[in-house]
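Asker: Build me a model from this:
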Amino acid sequence: MIKSYTASHASTFTEARARAVLHNVLEDFMQVANAGFVARETIKEWFDELSFAVLHNVVNSFQLQFMLPDGRKDRALHYEVRDDGTVPEGSKGGGFDLYGLPRNTRVILCVSYRGDAPNLDKVLAWLRERGWGSGGSLVQGNTSQDRAFSRDGFGFVRSKVGDL
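Answerer: Numbers count the residues shown, from 1 in each chain. Next comes the predicted model:
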């Protein structure tokens, strides 16, 4: 006897839902700018570029990474994109403390993509035109989930990586 099983996944992604939760990410980005680690113009560019990728449904996760003056990159705000209805709650952005970081800390935006996304080539070409490179890596370490941003089941789960 042969048995077969089928798993299905209904995506909760819509452009409207993505736009709604991206505003929470912008609040986080602006907190980093307000702490003096990144210029507001850079934050605006990053947000526009990240939004383009999210709205084309190609992002798996992304991080705001904090590189200390000594070169260590062991802290980040990690955002996992979820389009499977598992993010029921909706928090506000912000709520993390950056003031313990040294003044010369650099901030980097790193994005991980869905390899099977139909629009991936288009998005990567557009990002390359805007100066993005490849070969970055996500910061690994102890994580603690602290917030989730959601609209009707689509959202981002934010975790702190390292001592942040």
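
Asker: C-alpha from now on. contacts and neighbour counts both.
Answerer: Fine.

Asker: which residue is nearest the middle of this structure?
Answerer: What sits nearest the mean C-alpha location of the chain, by C-alpha atoms, centre = their mean, is Phe62, with 3.1 Å.

Asker: State the distance from that one to Arg103.
Answerer: According to C-alpha to C-alpha, to the nearest Å, Phe62 and Arg103 sit 23 Å apart.

Asker: what's the helix or strand for Leu22?
Answerer: Assigned by DSSP states H and E, Leu22 belongs to helix 15-34.

Asker: Show residues contacting that helix.
Answerer: When contacts are defined by C-alpha atoms under 8 Å, 6 or more residues apart in numbering, helix 15-34 is touched by residues 38-40, 43, 47, 51, 54-55, 92-94, 98, 149-152, 154-156.

Asker: can you pull out the helices in this structure?
Answerer: Here the chain has its helices, by DSSP state H, at 15-34, 40-55, 120-129.

Asker: Run the angle between the first one and helix 40-55 for me.
Answerer: Taking axes from the mean of the first three to the mean of the last three C-alpha atoms, to 10 degrees, helix 15-34 and helix 40-55 form an angle of 160 degrees between their directions.

Asker: pLDDT on helix 15-34, on average?
Answerer: Mean pLDDT, helix 15-34: 96.

Asker: Ok, the last one next?
Answerer: The average pLDDT within helix 120-129 is 97.

Asker: Show me how far it is from its chain's centre.
Answerer: Chain-centre distance of helix 120-129: 17 Å, with C-alpha atoms, centre = their mean, to the nearest Å.

Asker: Which stretches in this structure count as strands?
Answerer: Secondary structure of the chain (DSSP state E): strands at 59-67, 75-82, 106-113, 143-151, 154-161.

Asker: Output those as JSON lines; include the columns mean pLDDT and distance to Phe29.
Answerer: Converted to JSON lines, those look like this (pLDDT from 0 to 100; distance: least, C-alpha to C-alpha, whole Å):
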{"stretch": "strand 59-67", "mean pLDDT": "98", "distance to Phe29": "8"}
{"stretch": "strand 75-82", "mean pLDDT": "97", "distance to Phe29": "10"}
{"stretch": "strand 106-113", "mean pLDDT": "97", "distance to Phe29": "10"}
{"stretch": "strand 143-151", "mean pLDDT": "94", "distance to Phe29": "14"}
{"stretch": "strand 154-161", "mean pLDDT": "96", "distance to Phe29": "13"}
